[in-house]
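Provided below for reference: sequence and predicted model.
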Amino acid sequence: MKSPAVVHGTFAIERLYEASPVRVFAAWADPELKGRWFVGPEGWTLVKRELDFRIGGNELLHGRFEHGPETVYVARYHDIVEAERIVSVYEMHLNQKPHSVSIATVELTPQGAGTRLLFTEQVAFLDGGDGLASREHGSAGLLDRLGAVLR
């Protein structure tokens with residue numbers, strides 16, 4: 001049996017926040033703050049969360065939908081420059097099956113009294129599906145929630 005083709009995609013999302021780069025960075029680094037905005041969509045319930053925010057550290061976000069899949073996000077941090085940049089590689093699993101592998105880069109740049117955030121993701125979908133539009137939409141929603149937490 002032939003395995004599904006790998007489908008590749010890339011997207012970038014920009015946001016402007018009325019908060020300093022130090023504050024925006026803290027919302028990624030602090031487990032309590034990140035737990036307020038980095039969650040699944042409506043209908044998703046948290047099972048387990050872990051965050052070891054350091055180069056070589058890992059993050060886990062495990063949840064499930066009431067009438068849908070179980071999701072597991074596992075990330076490893078490869079580059080962290082305080083208040084400037086975060087680079088991680090992460091895997092997504094749906095119902096204990098590999099779904100995708102991504103490299104995600106967060107770049108923070110001072111913009112007046114606030115911060116310009118540029119989120120770039122390069123993704124390989126392992127199950128043959130092209131979920132790029134859905135992934136970009138979900139990531140945009142997370143960044144909008146981040147903005148609400150920063151307000």
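Looks like it came in fine.

Okay, now the unreliable bits of the protein?
Scanning the chain for pLDDT under 70 picks out no residues.

and the longest helix along it, how far out from the chain's middle?
Assignment by DSSP state H gives helix 132-150 as the longest helix of the chain. Mean C-alpha position of helix 132-150 versus that of the full chain (C-alpha atoms, centre = their mean, to the nearest Å) differs by 9 Å.

same question, stretch 51-70
10 Å.

How about residues contacting stretch 10-30?
The contact list for stretch 10-30 (C-beta atoms under 8 Å, 6 or more residues apart in numbering) reads 33-34, 37, 53, 82-84, 86, 106, 108-111, 113-123, 132, 135-136, 139-140, 143-144, 146-147, 149-151. C-beta: built from backbone N, CA, C; applies to glycine.

From those residues, list just the buried residues.
33-34, 37, 53, 86, 106, 108, 114-117, 119, 121, 123, 132, 135-136, 139, 143, 146-147, 149-150 (16 or more other C-beta atoms under 10 Å).

where do the strands sit along this protein?
Assigned by DSSP state E, the chain shows strands spanning 7-17, 44-51, 58-65, 70-81, 85-94, 97-111, 114-125.

want to try TSV for those, with distance to residue 1 as columns?
TSV is the format used below for these (distance: least, C-beta to C-beta, whole Å):
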stretch	distance to residue 1
strand 7-17	18
strand 44-51	31
strand 58-65	28
strand 70-81	24
strand 85-94	20
strand 97-111	15
strand 114-125	19
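
Spatially, what comes nearest to residue 37 if we skip its sequence neighbours?
residue 145 (4.0 Å; C-beta to C-beta, 6 or more residues apart in numbering).

Now for that neighbour, how many residues are close by?
Residues lying near residue 145 (other C-beta atoms under 10 Å) number 15.

try residue 43
Neighbour tally, residue 43, other C-beta under 10 Å: 10.

Count the neighbours of the residue nearest to it when sequence neighbours are not counted for me.
Nearest residue to residue 43, sequence neighbours excluded (C-beta to C-beta, 6+ apart): residue 65, at 5.3 Å. Neighbour count for residue 65, taken as other C-beta under 10 Å: 14.

My read is that residue 65 contacts residue 44, right?
Yes. Between residue 65 and residue 44 there is a contact under C-beta atoms under 8 Å: 5.5 Å.

Could you name every residue contacting both of those two?
Listed as contacting both residue 65 and residue 44 by C-beta under 8 Å, 6+ apart are residue 71.
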